[in-house]
Structure formats: C-alpha cells, structure tokens
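Participant: 3D model of this:
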Amino acid sequence: SWYEKLQRWSDACAAYERKQSEDPTNLTWRLGRMRCHRALGDWETLGELARETWDSPTLGLHNDATSRAEVARLAAAAAWNLRQWGPMATYSASMPDGTVETCLVRAVVSVHEGRFSAAQVCIDDARRLLDSEFTALVGESYHRAYRIMIEVLQLAELEEIIAHRQRPSDLPMPLLTRMWQERIEAAQRDADVWQAILSVRYLAVPPANDTRTWLKFCSLCRKAGRSSLSRKLLSQLLVDGRSSPAAGGDGGSAASSLAADADLNVRLNLSMGLGGSRSADDPFSRARPEVAFAYFKQLWADGSRYDALERMRVFAREAVSPMSEVDLVLAAKAWLKLGEWQRALLDNSLGDAAKMQVVVQSLQRATELNPTSYKAWHAWAMINFEAVSLYQDFKYVVPSIAGFVRSISLGRGQALQDTLRLLTMWFKYGASEAVDEAVSRGFQLIPVEMWLDVTPQIIARIHTGIQRVRSSVHTLLNLVAKAHPQGLIYPLTVAS
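Facilitator: Okay, here's the model as predicted:
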C-alpha cells in the first residue's frame with residue numbers, strides 16, 4: 001500500500017480493512033493491518049488480531065514459515081506492550097533466529113522471568129549482530145545510525161535492570177530513575193523512539209513511578225496522531241495515581257488497564273455536577289494534578305471541547321485556592337490553557353467584548369502566577385493586540401505593549417514577530433503619555449540586541465510628526481548606537 005510507504009497509517013489500515021472484507025482468508029491484508037496497528041500503537045487491537053491469526057486454521061499459517069515468523073514478530077510486540085508475558089514467550093519462540101529483534105524480545109522475557117544469565121546471552125548475541133551494521137552506518141551519518149543507537153540503548157538499559165535486580169544496593173531505584181530521566185531528555189522528540197525506550201523501562205519502573213516522563217510521552221503520542229494510545233496511558237496514570245504500584249513491579253495487566261479505562265469513562269460522564277462543581281465520584285479529585293491537567297488536554301484533542309473547557313476551569317480555580325497542592329507553574333499553565341481554549345471557542349462570537357474580556361482575565365492570571373513564562377506573556381499580549389484590532393478600544397493598548405515587552409525580554413530568539421507588533425502599537429498610539437511610558441520601560445527591560453533586527457523600521461520613523469514617538473526613537477537609537485555602533489551603519493546608509 002502506498003499509504004503504508006508514506007506512513008499514513010490510519011489510511012493504510014482503512015485500505016487493508018476494505019481489502020480484507022473482500023477476501024477474509026488473505027493473509028497479506030491481515031499482515032498489513034497488523035503492521036498499521038503496530039505503527040499506530042494500537043496494541044489491544046493488534047493483540048486481538050494476532051491471536052485470531054495465530055489460532056486460525058483457515059489462514060494456513062502453520063504451513064508458511066515466513067508468514068508465521070512475521071505474525072510472531074508483530075504479535076510479540078503487542079504482547080510486550082500489553083505486559084502479556086506468557087503469550088510473548090510463546091510468540092518469541094517462533095520468531096526467526098539470528099535477528100536483533102528476536103534476541104531483544106527473548107532477553108526481555110528472560111529478565112521478566114528472572115533468568116538473568118539467559119538474558120545476558122541474548123543481549124550479547126544482539127550486540128554481535130548490531131556491531132557491523134552500526135559501525136558502517138555511523139560512518140555514513142548520525143541520522144541513519146540513530147535507529148540502531150536506540151537498540152543499543154535498549155540493550156544497555158536491560159543490563160541496568162539486571163544489575164538493579166541482582167544488586168539493588170549498588171544501583172538503587174532513585175538513582176536509576178534519575179539517570180533514565182536525564183538520558184531520555186537527550187533523545188529525539190519522536191513517539192517511536194520514546195516508545196522503544198519506555199517499553200524496556202517498564203520492566204523496572206511502571207508509569208506511576210515516573211509520571212513526568214510518561215506524560216511527555218503521552219504528549220508526543222497526541223501530537224503524532226496516536227490519541228488512542230495517549231488516552232489509554234493517561235487513564236492508567238489516573239488510576240495508578242490513586243494506588244501506585246511498588247517500584248520495580250511489572251505494572252497492570254492489559255485486562256486491568258482496559259477495565260480501568262472503561263470505568264474511568266463511565267465516571268467521567270457522571271463526575272461534573274451542576275454549576276461546574278465536582279461530584280463525589282470525580283476521578284480527578286484524588287489524581288495527581290499534572291496527570292489531570294494532561295487528561296484535560298487529551299479531552300480537548302479528542303474533540304470534547306466544552307467538557308475539557310469546563311473541567312479546566314474548575315481545575316484552574318481550585319489550583320489557586322489556599323488549600324491547593326498545585327504548584328504555581330502548573331497553575332499558570334492551567335490558566336494559560338484555559339484562556340487559549342476560551343479564545344478558540346470565540347471564533348463565532350468575536351464581536352462580544354464581554355467574552356473577550358474573560359479571555360484577557362484568564363491569560364492575565366497566568367502571567368501573575370508565573371511572571372517568567374514567555375508563553376503566558378505572549379498569549380496575554382496577543383489577546384490584547386487582537387482586542388485593539390477588533391474593538392479599537394484604547395484600554396487594551398498599554399497592556400498589549402507591556403505584554404510584548406515582557407515576552408520579548410523572555411523569548412529572545414523567538415521574539416521577532418512580537419517586536420514588530422510592539423513597533424506597530426508604539427508608532428500608532430505613541431502620542432499617548434501612557435503608551436510612551438510603557439515603551440520607555442521596555443527600553444530598560446528588553447536587551448539592546450533585540451532591536452538590531454528592526455533598526456530599519458525604527459529609523460524610518462526618525463522624522464515622524466508625533467513628538468513623543470520621535471523623542472523615544474532618538475533615545476532608542478542612542479542606546480543601540482552605544483552598545484552596537486556597527487549595527488546602525490548599514491541601515492543609516494540605506495535610509496540616507
């Protein structure tokens with residue numbers, strides 16, 4: 001399928017399903033579906049499809065060694081990610097010998113069963129198989145060798161798990177977790193890469209014991225179009241957060257994970273009381289705040305926008321209550337996200353100034369809770385800038401300028417567009433004393449280097465008829481000239 005070659009996995013899966021409905025006994029279409037479900041991270045569907053294929057007497061799998069090995073390979077991946085260790089051992093026995101994937105799967109099974117010597121043999125075999133290919137690809141390019149580097153990392157972390165299991169005092173769990181967190185931060189922000197790494201780590205550290213890493217993985221899955229996987233992981237984190245497993249456990253089974261997901265969905269539908277209050281059976285009442293926040297974002301991504309908005313509103317209000325255990329940074333993120341969602345739902349009623357003011361207040365709350373957040377200041381400046389354009393109301397001008405000043409000072413390399421918007425507001429409303437004072441304060445907060453990219457636009461206003469703007473332009477050019485005189489030579493030459 002061309003969809004598969006283009007990595008359009010959802011389209012490819014739909015195409016294979018249509019083909020299979022026309023010819024149910026064709027193993028090619030079934031294998032295509034299995035590859036698509038693996039790429040999408042839909043492990044439950046892949047596992048069910050693998051069991052059907054493995055046990056089917058009509059597909060001729062037992063007479064086709066090549067197809068049987070391919071089914072075993074895909075089925076083992078599903079069993080691994082579903083923590084179905086018995087079926088995983090069965091499938092691994094039918095995988096072809098002499099491949100890195102087979103050695104890795106058998107090593108994982110051996111580690112789970114406590115057969116550490118057998119696991120070490122599989123790890124050593126995998127390294128020998130990787131050696132020649134890895135050496136050749138590293139010489140060509142880092143990018144081409146990256147996939148094999150991840151496999152090498154999986155083998156190394158399997159050895160670390162063995163060391164921890166055999167000698168916990170030499171490699172304690174807090175040290176191992178901290179080391180793994182730092183290591184994965186250096187990995188590519190790619191869902192497939194993180195999936196490969198975390199599937200090994202699950203043997204020692206379940207998601208509930210390393211929430212931060214798994215929440216980042218959920219975010220990567222959501223951005224990569226794997227909402228189903230992200231939603232299941234978040235449901236598991238919500239449940240595990242109320243009864244965390246002991247460190248070093250194997251985590252919940254697939255059945256318990258699915259049951260928890262179903263139970264959570266039922267309680268989600270019943271949890272919100274009238275007026276946006278929480279009911280007694282709210283699944284988020286005892287959840288970790290960061291997990292609840294991530295789940296609300298998942299609800300929004302899944303299309304339940306009004307439900308997500310209402311839950312985020314309740315969460316944001318509770319986050320700033322005196323009894324709240326939510327840290328200020330997370331509370332600021334909640335108000336920022338609330339404001340962004342309120343703005344997104346305003347598209348059909350932009351003429352309602354009262355609703356726009358609610359958005360402004362939400363984003364302002366985010367800046368108050370975390371004054372060092374570039375995203376919060378940028379969003380607050382942008383909503384005021386938009387309000388000025390829509391309503392021509394001067395009360396939004398000074399807040400817009402103040403917001404851009406802070407976002408530019410915090411954003412540095414990503415603030416060019418904010419700088420241009422600041423100039424637009426300054427030159428248009430600079431006759432006002434309040435605007436002139438806000439701009440003058442900006443000269444003290446914004447690094448001089450940030451003005452170098454917009455010196456032509458500033459010089460173009462050097463003879464403006466607005467006295468306050470002209471005076472401020474002269475002041476700013478003097479500041480730039482003192483710090484970077486060479487930066488003004490070319491713009492002044494062009495202007496003259």
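
Participant: show me the contact partners of stretch 2-14.
Facilitator: For stretch 2-14, the external contacting residues (C-beta atoms under 8 Å, 6 or more residues apart in numbering) are Ser1, Ala15, Gly32, Arg33, Arg35, Cys36, His37, Ala39, Leu40, Gly225. In short, each C-beta sits where N, CA and C put it, glycine included.

Participant: mean confidence for the helix or strand encompassing the fifth one?
Facilitator: In this assignment (DSSP states H and E), Arg35 forms part of helix 27-40. Averaged across helix 27-40, pLDDT comes to 90.

Participant: any idea how far the helix or strand following that helix is from the chain center?
Facilitator: Going down the chain from helix 27-40, the next helix or strand is helix 43-55, by DSSP H and E. A distance of 29 Å separates the centroid of the chain from that of helix 43-55, by C-alpha atoms, centre = their mean, to the nearest Å.

Participant: which residues touch helix 43-55?
Facilitator: The contact list for helix 43-55 (C-beta under 8 Å, 6+ apart) reads 27, 30, 33-34, 37-38, 59, 61, 71-72, 74-75, 77-79, 81-82, 84, 87, 91, 229, 232, 254, 258.

Participant: how about stretch 124-144?
Facilitator: Stretch 124-144 is contacted by residues Gly98, Thr99, Val100, Cys103, Leu104, Ala107, Ala145, Ile148, Met149, Glu151, Val152, Leu155 when judged by C-beta under 8 Å, 6+ apart.

Participant: among those, name the buried ones.
Facilitator: Buried by 16 or more other C-beta atoms under 10 Å: Val100, Cys103, Leu104, Ala107, Ala145, Ile148, Met149, Glu151, Val152, Leu155, out of these.

Participant: confidence score at the third one?
Facilitator: Per-residue confidence for Leu104 comes out at a pLDDT of 95.

Participant: ok, back up a step: closest one of the buried ones among the contacts of stretch 124-144 to Leu203?
Facilitator: Proximity of the buried ones among the contacts of stretch 124-144 to Leu203 (C-beta to C-beta) peaks at Ala107, which lies at 10.3 Å.

Participant: next helix or strand past the one helix or strand Gln357 maps to?
Facilitator: If you go by DSSP H and E, Gln357 is part of helix 353-369. Downstream of helix 353-369, the first helix or strand assigned by DSSP H and E is helix 374-391.

Participant: and the angle from the next helix or strand after that next one to helix 353-369?
Facilitator: Heading C-terminal from helix 374-391, the first helix or strand you meet, by DSSP H and E, is helix 397-411. On the basis of axes from the mean of the first three to the mean of the last three C-alpha atoms, to 10 degrees, helix 397-411 is oriented at 40 degrees to helix 353-369.

Participant: and helix 397-411 with helix 374-391, angle?
Facilitator: Computed by the same axes, to 10 degrees, the angle separating helix 397-411 from helix 374-391 equals 150 degrees.

Participant: buried residues in the helix or strand following helix 397-411, which are they?
Facilitator: Next along the chain after helix 397-411, taking DSSP H and E as the criterion, comes helix 416-429. Buried residues in helix 416-429, counted by 16+ other C-beta under 10 Å: Asp418, Thr419, Arg421, Leu422, Leu423, Thr424, Met425, Trp426, Phe427, Tyr429.

Participant: check which residues of whichever helix or strand comes after helix 416-429 are buried.
Facilitator: Using DSSP H and E, the helix or strand that follows helix 416-429 in sequence is helix 433-445. Across helix 433-445, burial judged by 16+ other C-beta under 10 Å covers Val435, Asp436, Ala438, Val439, Gly442.

Participant: mind listing what's buried in the helix or strand following helix 433-445?
Facilitator: Note on helix 433-445: by DSSP H and E, the next helix or strand toward the C-terminus is helix 455-459. Using 16+ other C-beta under 10 Å as the test for burial, helix 455-459 gives Thr455, Ile458, Ile459.

Participant: what is the burial count for Thr464?
Facilitator: For Thr464, the count of nearby residues is 16 (other C-beta atoms under 10 Å).

Participant: try Pro371
Facilitator: The local packing of Pro371 (other C-beta under 10 Å) involves 13 other residues.

Participant: picking that back up, just flag the most distant two among the contacts of stretch 2-14.
Facilitator: Gly32 and Gly225 (18.5 Å).

Participant: which of these two has more neighbours?
Facilitator: When Gly32 and Gly225 are compared for neighbours, Gly32 comes out ahead with 21 against 16, by other C-beta under 10 Å.

Participant: and the more buried one, how far from Pro57?
Facilitator: Applying C-beta to C-beta, to the nearest Å, the value for Gly32 to Pro57 is 21 Å.

Participant: please apply the same query to Met149.
Facilitator: On the measure of C-beta to C-beta, Met149 and Pro57 end up 42 Å apart.

Participant: again with Leu40
Facilitator: Distance from Leu40 to Pro57, by C-beta to C-beta: 28 Å.

Participant: so between the two, which is more surrounded?
Facilitator: More crowded of Leu40 and Pro57, by other C-beta under 10 Å: Leu40, with 22 against 7.

Participant: got a list of what the more buried one touches?
Facilitator: Trp9, Ser10, Cys13, Gly225, Arg226, Ser228, Leu229.

Participant: lowest-confidence helix or strand of the protein?
Facilitator: Within the chain, no helix or strand scores below helix 254-270, which has a mean of 47 by mean pLDDT, DSSP states H and E.

Participant: for the helix or strand just after that one, output the C-alpha coordinates as CSV.
Facilitator: Per DSSP H and E, helix 254-270 leads on to helix 289-301 as the next helix or strand towards the C-terminus. Provided in CSV are the C-alpha atoms of helix 289-301 (Å, rounded to 0.1, in the frame of the first residue of the first chain):
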residue,chain,number,x,y,z
PRO,A,289,-2.6,17.5,39.4
GLU,A,290,-0.2,17.1,36.4
VAL,A,291,-2.0,14.0,35.2
ALA,A,292,-5.4,15.6,35.5
PHE,A,293,-4.1,18.6,33.5
ALA,A,294,-2.7,16.3,30.8
TYR,A,295,-6.0,14.4,30.6
PHE,A,296,-8.0,17.6,30.1
LYS,A,297,-5.7,18.4,27.1
GLN,A,298,-6.4,14.9,25.8
LEU,A,299,-10.1,15.5,26.1
TRP,A,300,-9.7,18.7,24.1
ALA,A,301,-7.7,17.0,21.4
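
Participant: mean confidence score for helix 289-301?
Facilitator: Helix 289-301 shows a mean pLDDT of 94.

Participant: list the helices and strands the following helix or strand past it packs on?
Facilitator: Next along the chain after helix 289-301, taking DSSP H and E as the criterion, comes helix 305-319. Where contact means 3 or more C-beta pairs under 8 Å, 6 or more residues apart in numbering; DSSP states H and E, helix 305-319 is packed against helix 289-301, helix 328-344.

Participant: make a markdown table out of those helices and add mean neighbour count.
Facilitator: Formatted as a markdown table, the helices and strands packed on helix 305-319 follow (neighbours: other C-beta atoms under 10 Å):
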| stretch | mean neighbour count |
| --- | --- |
| helix 289-301 | 22 |
| helix 328-344 | 21 |
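
Participant: out of these, which comes closest to Asn370?
Facilitator: Proximity to Asn370, assessed across these by C-beta to C-beta, is greatest for helix 328-344 (3.4 Å).
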